[in-house]
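In: please find the sequence and the predicted model below.
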Amino acid sequence: FPIVVNDLVLTQLNRYVGTSEGRDFMRRSLLLMENYKMMIEEKMGEYGIPKEFLAIPLIESGYQNLSAVSGKPWGAGLWMFIESTARNYGLR
């Protein structure tokens, strides 16, 4: 799928690769992704979802369930759908 590069995208890229904190986050996230990659790729294949979508949890959660980590009742799981977003997609 097409990748748009604009000022907003460049700002986020610089945040993730242009700082030591960003690089550490990406390194940890890529390691965690390996725990889920096969399972997610299998499901994506069943539904015809492009493998590039594996990158979404990298940014959304770093492949961590942040609700479980932080104890805060915001988005849950790797994809971090918050309640209103889930509702928009017909999820409960």
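Out: Arrived safely. Just so we're clear, the structure is a prediction, and the values are computed from it rather than from any experiment. Numbering: from 1, shown residues only.
In: and after the helix or strand containing D24, which helix or strand comes next?
Out: Using DSSP states H and E, D24 maps to helix 20-47. Going down the chain from helix 20-47, the next helix or strand is helix 56-60, by DSSP H and E.
In: tell me the mean pLDDT for that next one?
Out: Average pLDDT, helix 56-60: 82.
In: show me what counts as buried in it.
Out: Residues of helix 56-60 classed as buried under the neighbour-count rule (16 or more other C-beta atoms under 10 Å) are P57, L58, E60. Placement of C-beta: from N, CA and C, glycine included.
In: which residue sits farthest out from the middle of this structure?
Out: D7 (20.7 Å; C-alpha atoms, centre = their mean).
In: that residue: what's it in contact with?
Out: Shown in contact with D7 (C-beta atoms under 8 Å, 6 or more residues apart in numbering): no residues.
In: next: F25.
Out: Y16, G62.
In: and it, how far from L13?
Out: 13 Å (C-beta to C-beta, to the nearest Å).
In: ok so, going back, between the buried residues of helix 56-60, which sits nearest S84?
Out: Using C-beta to C-beta, E60 comes nearest to S84 of the buried residues of helix 56-60, at 15.0 Å.
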